[in-house]
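Novice: please work out how this folds:
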Amino acid sequence: MTIASRAVLVVEDEPQLRRVLRTLLELENFRVIEADSAERGLAEARTHKPDLLIVDLGLPDRDGTEVITGVRSWSRVPIIVLSARTDESDKVAALDAGADDYITKPFGARELSARVQVALRHTASAGAAGATLQIGAWRVDLQARIARDDSGGELHLTPTEYRLLEVLAQHIGLVVTHRTLLQQVWGPGSAQQTHYLRVYMKQLRSKLEPDPARPRWLLTETGVGYRLALRE
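Specialist: I've put the predicted structure just below:
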């Protein structure tokens, strides 16, 4: 499938913003489908099977999280939330419902384009064999659980640190919530133990980041989770 044939479903009740989004996305050669309510959005998603959804949370008939959970019941299509809600609890709720990313209004055209491309790349590479990450000077093989630099020097990472990196790597460029990380690394009974994450992220940064106090790759999304932001 070429990028020109990719379809984006925009679920947004503000006509002016839908026009702006249509213009921006068509400039990137996307085919745009519009819906002005949650019910219409769910129907259009099933009918057109878009390559990506952009969903507002404040829809007139239902909350946008219902669109996310509805689509997630049958599809892994990338979903980006575009909302005026800035509370951390709203971001966490949307991401835990299954959204891949969250952009707050107002937004910039370049930010939107970058987030769309990251979400699509993540979907295209999901399940791919590549399990090796280049994080600064370190080449980390997640399958073999070996981390080496260019000179062959080896870095010791614990099994939990490797697992934490593995989960982040499954969502490169996208935010992963505290709850998701805790459940996938430590198990379903650990969803409230956020101190685990603080301790292990501090350890990972001290080993992988040149300046752990100003991380370049292992980024914090305050109150929400973490993001592995590898530069290409």
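Novice: pLDDT weak spots in the protein?
Specialist: 1-4, 123-130, 231-232 (pLDDT under 70).
Novice: show me what contacts the spatially most central residue of it?
Specialist: Nearest residue to the geometric centre of the chain (Cα atoms, centre = their mean): residue 174, 2.7 Å. Shown in contact with residue 174 (Cβ atoms under 8 Å, 6 or more residues apart in numbering): 100-101, 118-119, 122, 227. No exception for glycine: its C-beta is placed from N, CA and C like everyone else's.
Novice: residue contacts, the nearest residue to residue 155 once chain neighbours are set aside?
Specialist: The shortest distance from residue 155 to any non-neighbouring residue, by Cβ to Cβ, 6 or more residues apart in numbering, is to residue 147 (4.1 Å). Residue 147 makes contact with 138-141, 154-157, according to Cβ under 8 Å, 6+ apart.
Novice: circling back to that earlier point, return the distance of the residue nearest to the centre of the chain relative to residue 181.
Specialist: 12 Å (Cβ to Cβ, to the nearest Å).
Novice: again with residue 141
Specialist: From residue 141 over to residue 181 the distance is 21 Å, taken as Cβ to Cβ.
Novice: more neighbours: the two, which one.
Specialist: Remark: of residue 141 and residue 181, residue 181 carries more neighbours, 24 against 13, as counted by other Cβ atoms under 10 Å.
Novice: how close does that one sit to residue 20?
Specialist: If you go by Cβ to Cβ, the gap between residue 181 and residue 20 works out to 34 Å.
Novice: cool, and residue 38?
Specialist: From residue 38 to residue 20 the distance is 21 Å (Cβ to Cβ).
Novice: more neighbours, these two?
Specialist: When residue 38 and residue 20 are compared for neighbours, residue 38 comes out ahead with 24 against 16, by other Cβ under 10 Å.
Novice: care to break the protein down by domain?
Specialist: 3-125, 132-228 (automatic domain parsing).
Novice: so which of those domains is the most packed in?
Specialist: Most buried of the domains of the chain, by mean neighbour count (mean count of other Cβ atoms under 10 Å): domain 3-125, with a mean of 18.
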